[in-house]
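> Starting from these lines, generate the structure:
(2 chains)
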There are 2 protein chains.
Amino acid sequence: MTAAVVALSGGVGGAKLALGLARVLEEAQLTVIVNTGDDFNHLGLAISPDLDTLVYTLAGLADPVQGWGRRDETWTFMSALEQLGGETWFRLGDADLAMHVERTQRLAAGETLSAVTDRLRRQLGIAARILPMSDDPVRTRLETDAGWLDFQDYFVRRRCAPRVRRLAFLGADTARPLPAVMTALSSEDLRAVVICPSNPFLSIEPILAIPAIRAALSDCRAPVIAVSPVIGGQAVRGPTTKIMRELGLGSGAADVARGYADLLDVFVMDEIDAATVVPAGVEVVSAPILMTSLEDRERLAGVVLAAADRVAARQN
Amino acid sequence: MTAAVVALSGGVGGAKLALGLARVLEEAQLTVIVNTGDDFNHLGLAISPDLDTLVYTLAGLADPVQGWGRRDETWTFMSALEQLGGETWFRLGDADLAMHVERTQRLAAGETLSAVTDRLRRQLGIAARILPMSDDPVRTRLETDAGWLDFQDYFVRRRCAPRVRRLAFLGADTARPLPAVMTALSSEDLRAVVICPSNPFLSIEPILAIPAIRAALSDCRAPVIAVSPVIGGQAVRGPTTKIMRELGLGSGAADVARGYADLLDVFVMDEIDAATVVPAGVEVVSAPILMTSLEDRERLAGVVLAAADRVAARQN
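Numbers count the residues shown, from 1 in each chain, chains lettered A, B, ... in the order given. Below is the predicted model:
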């Protein structure tokens, strides 16, 4: 089997499954389309948190405990910045900083975000393609009980405490999807599209908010499979279920499935959610979906690909 | 004695004497005018090596062995940058990087180099004023047997190996001296102007290449005193005597004195150079001028100030 697999991913949760997919697929079969709605400029540096998490994870450089940032990181820069009276609410490790400095100067020299990302992932020996959803800026903002907030202000500085009323993805309606994204999604050779277990609102929606990408997913010949980021009514990490409740949605795995229903062929949820009723027309696969070990990531990737192949076999 | 002292300085050698002066003078009596001809943009960051050396030295943060950069530095950023395929010929420590990032973003926001420098030295508790010679860019270039080179290309990347034929200080003739520099040099209250034992060509000449600063030094009512950066025909550090020979000048302390002759009242040279003949009209003070310990720095500062006071007493 040499067919291509496309994954849509945000940060930590999505990167775990992307790593599993990268390991069970042949080299270069995997393309990951990554959320850039969290990107921001901080201390004069262009920071792309989800792209970096994917790059670090697939290169084997990610911090194994927190999932984002780099392993064996040091924090001398932040201490010195604090001493100089600089802004310290967003913590940048010394090694991580190299990524932001290198990206910032390449963007300033006129390279695109996708070109910079591709150069860096090759440099780090990553076989999978890592594509920002667009080279045009899309910025996630949240209307909360504390007013409209930029994503990192909500997520890092305020630790997701404000109550969310509404989300907006500034620039998404006019952002041009990366040509390689459209090519990957319309490929004759496409085996599956995997919506990774990332936050549906903060990580996946910004990608789908680009109209051409949502349309390409709708029109896609290959099976579309989402993995739940929720187990037993609890988000594996982050504010997913808190936001679902604040938006007046249920906070179960099935409620996540409902959000994706018009796009999905298969929804993979945890065994403890197996009794949940998902929308008609979506096939449910139940499996252990908590990814703790590397083996968990590979096993779940296998479950997802097997489900895709079953759907494809039925359709042919 | 509450009168002001102005010092002209480049990096390491000059900063040693500036520290001595700062310690023997009352708080806020010292103003240091610093060379910015070495400044450059690297990795998208605005780097001012001599300003940083002054700031780190006067704040007690300088690396005590190499004299530039910070003590207790870590190098995680450089390792990561190398891994990403970035430029590594100019080594930036993790703590040092905080200075460059903070300065770069403040300059980008429209602050002047002098305002940024003043904010940072206050933040670090430095009483002395640290003034870039100008907020306008001046860039030292060297014509060598390898062609015209930017300063850092010559100094760091090529380790001063090319043979120097000529120096140019781009922008110096039109650079506006910092108003605070002109005020300091024309003060009624001025006790002395000290030309620190920095490289005359690479550190002091760029300052004097701004016509108004050279004129202010010529017209200055206070004694002007230079300290030799050369002992027994050898530069204490750096390429001073190498360049002097390449330019067809002698490489002794007296040859340094000749370069400054039209500005000087007193030239301080080492005891082993005491037999050297310096230009008429310049008083020679011989003293141990190698600054190894903190006490050496304070003692030499005392020698310099005593000489200035003797000249002033004679003139009054």
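
> Contact residues of chain A facing chain B?
A:43-45, A:70, A:73-74, A:76-81, A:83-86, A:93-99, A:101-102, A:104-105, A:108, A:119-120, A:123-124 (Cβ under 8 Å from any Cβ of the partner chain). C-beta: built from backbone N, CA, C; applies to glycine.

> Select only the buried ones of those residues in PyMOL?
Selection of buried members from the residues of chain A next to chain B for PyMOL, criterion 16 or more other Cβ atoms under 10 Å in any protein chain shown:
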select buried, chain A and resi 43+44+45+70+73+74+76+77+78+79+80+81+83+84+86+93+94+95+96+97+98+99+101+102+104+105+119+120+124
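
> Once you drop chain neighbours, what's closest to A:Gly85?
Spatial nearest neighbour of A:Gly85, excluding adjacent residues (Cβ to Cβ, 6 or more residues apart in numbering or on different chains): B:Gln123 at 4.6 Å.

> what's the one you found in contact with, if anything?
A:83-85 (Cβ atoms under 8 Å, 6 or more residues apart in numbering or on different chains).

> Now intersect these with the helices, please.
Among the contacts of B:Gln123, the ones falling in helices (DSSP state H) are A:Gln83.

> The residue in the stretch 151-300 of chain A positioned nearest to chain B - how many residues pack around it?
Minimum separation of the stretch 151-300 of chain A from chain B (Cβ to the nearest Cβ) falls at A:Gln152, amounting to 16.0 Å. Neighbour count for A:Gln152, taken as other Cβ atoms under 10 Å in any protein chain shown: 18.

> Got the phi and psi for it?
As for A:Gln152, its main-chain torsions (degrees, to the nearest 10) stand at phi -70, psi -30.

> any idea how far A:Arg141 is from it?
As judged by Cβ to Cβ, to the nearest Å, A:Gln152 and A:Arg141 stand 11 Å apart.

> Could you pull up the contacting residues of A:Arg221?
Contacts of A:Arg221 by Cβ under 8 Å, 6+ apart are A:188, A:190.

> again, only using 7 Å
A:Arg221 is in contact with A:Leu190, counting by Cβ atoms under 7 Å, 6 or more residues apart in numbering or on different chains.

> which SS state does it fall under?
Secondary structure, DSSP: H, G, I helix; E, B strand; the rest coil: A:Arg221 is coil.

> Strands of chain A, start to end?
Secondary structure of chain A, counting by DSSP state E: strands at A:4-9, A:30-34, A:40-42, A:45-47, A:129-132, A:139-144, A:147-150, A:164-170, A:190-195, A:224-227, A:230-231, A:234-235, A:266-270, A:283-287.

> Can you dump the C-alpha atoms of the last one in CSV for me?
Included here for strand A:283-287 are C-alpha records, laid out as CSV according to Å, rounded to 0.1, in the frame of the first residue of the first chain:
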residue,chain,number,x,y,z
GLU,A,283,-19.8,4.8,11.2
VAL,A,284,-18.5,4.4,14.8
VAL,A,285,-15.3,2.6,15.7
SER,A,286,-14.7,2.1,19.4
ALA,A,287,-11.2,1.5,20.5
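
> who does that strand touch, helix- and strand-wise?
When contacts are defined as 3 or more Cβ pairs under 7 Å, 6 or more residues apart in numbering or on different chains; DSSP states H and E, strand A:283-287 packs onto strand A:266-270, helix A:294-315.

> So which of these is the most surrounded?
strand A:266-270 (a mean of 24; mean count of other Cβ atoms under 10 Å in any protein chain shown).

> on that earlier part again, closest one to A:Phe201 among the helices and strands packed on strand A:283-287?
strand A:266-270 (16.9 Å; Cβ to Cβ).

> Quick check: neighbours of the closest one in the sheet, parallel or antiparallel?
Within its sheet, and counting by DSSP bridges, strand A:266-270 is paired with strand A:224-227 (parallel), strand A:283-287 (parallel).

> could you redo the ones you listed as JSON lines and give each row mean neighbour count, mean pLDDT and distance to A:Ile204?
Listed next are these as JSON lines, based on neighbours: other Cβ atoms under 10 Å in any protein chain shown; pLDDT from 0 to 100; distance: least, Cβ to Cβ, whole Å:
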{"stretch": "strand A:224-227", "mean neighbour count": "28", "mean pLDDT": "97", "distance to A:Ile204": "8"}
{"stretch": "strand A:283-287", "mean neighbour count": "18", "mean pLDDT": "94", "distance to A:Ile204": "18"}
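
> okay, those strands in a markdown table with distance to A:Ala253 next?
Shown next, in a markdown table, are the strands paired with strand A:266-270 (distance: least, Cβ to Cβ, whole Å):
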| stretch | distance to A:Ala253 |
| --- | --- |
| strand A:224-227 | 10 |
| strand A:283-287 | 9 |
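
> just the helices in the stretch 51-200 of chain A please.
Secondary structure of the stretch 51-200 of chain A, counting by DSSP state H, counting those that start in this stretch: helices at A:76-83, A:94-108, A:113-123, A:151-152, A:179-185.
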